[in-house]
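Q: build the 3D model from these lines:
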Amino acid sequence: MNAATGVLDVKLGRAFALLDADADGDLREEDLLALSDRLAGAFDSSGDAVKITRLRQAFTQLWIHDLSTMDADRDGILDRAEFIAGMKKAVANDGEGILERLNVMVDAWMDIADTDGNGRIDEAEFHTMYIKSLGASPVDLTVAFAKLDTDGDGHLDRDEIRRATEEYYTSEDPQAPGNWLFGNL
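A: From the prediction side, this is the model:
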């Protein structure tokens, strides 16, 4: 394995750990739905059923169309190795499709996190989003935000988040800004 492929494996392993909401080492649809509930709770969005439902539906579609098909042993759960191999295969075989489903999830996620409704995520919203819903390290998030804010305007717009998401799940470039999507590797 070359160093670049190692970077992608590390990123995918980190994504798996963050998606594994109950931290039991297995990924199920319930983990994804728990993340949507955590995000809603982080921003006190309990009264915004439309946004929460949209995020839950986006996660469900990602599970149905992509993640559940990665279950090589058909036991109904994904382990870390299945996720990493499955994501690489999904990107190679249907990169456009999986990225579109990830973008639907990103848009729904941003709709909840964008508390002032300006269509962008500021650094405080970014911190709240990742600390309270994913348990990310606050120490890394300030640097991560600066790396992801590619136009330097102090906000992350949907295009910056989409590019970062694509780079995170597809790029083997160890210097890609999208590597910082979930903080420092």
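Q: tell me the helices and strands packed up against the longest helix along the chain.
A: Ordering each helix of the chain by length in residues (DSSP state H) puts helix 80-113 first. Using 3 or more CB pairs under 8 Å, 6 or more residues apart in numbering; DSSP states H and E, the elements in contact with helix 80-113 are helix 3-19, helix 29-42, helix 49-62, helix 123-134, helix 158-170. Glycine gets a C-beta too; all of them are placed from N, C-alpha and C.
Q: ok, now which ones touch the closest residue to H127 other than its chain neighbours?
A: Take H127 and drop its neighbours on the chain: the residue closest to it by CB to CB, 6 or more residues apart in numbering is L141, 5.2 Å away. By CB atoms under 8 Å, 6 or more residues apart in numbering, L141 lies in contact with 126-127, 130-131, 183.
Q: can you confirm L141 is in a helix?
A: Yes: counting by DSSP: H, G, I helix; E, B strand; the rest coil, L141 falls inside a helix.
Q: thinking again about what came up before, which residue in the contacts of L141 has the weakest pLDDT?
A: Least confident of those in the model: G183, at 78.
Q: that one and A146 touch, don't they?
A: No: using CB atoms under 8 Å, G183 is not in contact with A146; the gap is 11.8 Å.
Q: now this structure, which segments are flagged as low pLDDT?
A: Flagging of the chain using pLDDT under 70 yields the residue ranges 1-5, 46-47, 185.
Q: quick one: the longest helix of the chain to helix 123-134, angle?
A: Interaxial angle of helix 80-113 relative to helix 123-134 (axes from the mean of the first three to the mean of the last three CA atoms, to 10 degrees): 140 degrees.
Q: correct me, but D71 touches I77?
A: Yes: counting by CB under 8 Å, D71 does reach I77; the two are 6.9 Å apart.
Q: show me what the nearest residue in space to H155 that is not next to it in sequence is bridged to.
A: Closest residue to H155 in three dimensions, ignoring its sequence neighbours and counting by CB to CB, 6+ apart: R120, at 3.8 Å. Beta-bridge partners for R120, by DSSP bridges, are D157.
Q: near R120, how many other residues are there?
A: Per other CB atoms under 10 Å, the neighbour tally for R120 reads 18.
Q: any idea how far it is from Q61?
A: 25 Å (CB to CB, to the nearest Å).
Q: what of V104?
A: Taking CB to CB, one finds V104 at 7 Å from Q61.
Q: looking at these two, which is more packed in?
A: V104 (17 against 13).
Q: please name the nearest non-neighbouring residue to that one.
A: Of all residues not flanking V104 in the chain, A58 sits nearest, at 4.7 Å (CB to CB, 6+ apart).
Q: what's the answer for F16, then?
A: Leaving aside its chain neighbours, F16 sits nearest to F83 (4.5 Å; criterion: CB to CB, 6+ apart).
Q: so who does the one you found touch?
A: Counting by CB under 8 Å, 6+ apart, F83 touches 12, 15-16, 27, 67, 70.
Q: thanks again, I'm all set now.
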